[in-house]
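1. Can you look at this prediction? I've put the sequence above it.
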Amino acid sequence: MTKRLEGKVAIVTGGISGIGKAVATDFLSEGAKVVITGRRETLGQQVADELGDDDHVIYLKQDVSREADWKAVADSTIDHFGKFDILVNNAGIGGAGKLIAETSLNDWQKTIDINLTGNFLGIKTALNRMESGSIVNISSVLGIIAGMIGAGDYSTSKGGTRMLTKVAAVEAIKMGKSIRVNSVHPALVSTDIVSDNVKTALESSNDSIPRIGKPIDIAKAVTYLASDESRYTTGSEIVIDGGTLAGRQ
């Protein structure tokens with residue numbers, strides 16, 4: 001532990017499981033104070049209690065697609081910790097998993113509302129409430145490449161997050177704020193979204209490079225982007241995919 005985030009306060013959406021929980025855990029180990037958000041209150045409070053006391057970590061209920069929830073989270077974070085200077089837009093869903101021709105408007109809108117609109121609202125909130133710091137948006141390799149059947153809504157939301165990140169990065173500079181905005185693009189990661197059968201098959205493979213990542217693999221990159229070590233990095237994307245993109249024909 002190097003305490004790279006000493007004195008910093010972070011909001012991690014979807015911080016109660018998977019990548020978000022790994023990010024919160026790593027942030028705390030590096031000296032940050034952390035607010036984790038999510039929609040499942042019982043689980044959220046359990047995770048906060050597991051990670052530390054109220055002086056270091058708290059849970060707040062949030063639906064990232066609701067602007068009122070963003071205001072409440074920002075207000076509560078500032079009331080409790082005095083500020084926030086890191087935002088990790090991690091909350092997301094896997095999408096409907098249907099062909100475009102079979103995707104209902106409700107299915108489409110749900111994915112866009114959570115994965116893309118939620119990130120827009122988070123960025124908007126941070127740009128208005130922070131003067132300096134870091135915004136990290138969790139996207140996906142499917143936000144860079146297209147062509148996965150059944151991922152129309154998901155890929156669109158993640159590709160939108162990629163471009164939103166770049167626009168926000170230059171707008172932060174235009175506003176005269178020292179806020180860096182970057183995106184992280186994982187491939188398949190061992191979280192609740194992935195079925196147990198798939199996890200078992202991929203985690204037991206003998207490949208020299210794992211075919212499925214662990215949440216901590218992503219968290220370490222997020223910690224770098226949240227820290228002052230990334231002071232010259234903004235509008236960029238970090239791909240963490242075990243060679244998935246490099247291996248495409």
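-> Nice, thanks for sending it over. Numbering: from 1, shown residues only.
2. Sketch out the low-pLDDT regions of this structure for me.
-> Within the chain, the stretches with pLDDT under 70 are 1, 193-208, 248-249.
3. residue closest to the middle of it?
-> N90 (2.1 Å; CA atoms, centre = their mean).
4. for the longest strand seen in the chain, the distance to its chain's centre please.
-> Under DSSP state E, the strand in the chain containing the largest number of residues is strand 178-186. Its chain's C-alpha centre and that of strand 178-186 lie 10 Å apart, by CA atoms, centre = their mean, to the nearest Å.
5. How about stretch 229-237?
-> Per CA atoms, centre = their mean, the centroid offset for stretch 229-237 relative to its chain is 16 Å.
6. measure that stretch end to end?
-> 16 Å (CA to CA, to the nearest Å).
7. what's that stretch in contact with?
-> Under the criterion CB atoms under 8 Å, 6 or more residues apart in numbering, residues 4, 134, 139, 144, 162, 165-166, 169-170, 172-173, 180-185, 224-225 lie in contact with stretch 229-237. Bear in mind the C-beta positions are built from the backbone N, C-alpha and C, glycine included.
8. Now with 6 Å, please.
-> For stretch 229-237, contacts defined as CB atoms under 6 Å, 6 or more residues apart in numbering pick out 166, 169, 180-183, 185, 224.
9. thinking again about what came up before, which strands and helices sit next to the longest strand of the chain?
-> Judged by 3 or more CB pairs under 6 Å, 6 or more residues apart in numbering; DSSP states H and E, the packing partners of strand 178-186 are strand 132-138, helix 152-174, helix 215-226, strand 237-240.
10. Buried residues in that strand, which are they?
-> 179-186 (16 or more other CB atoms under 10 Å).
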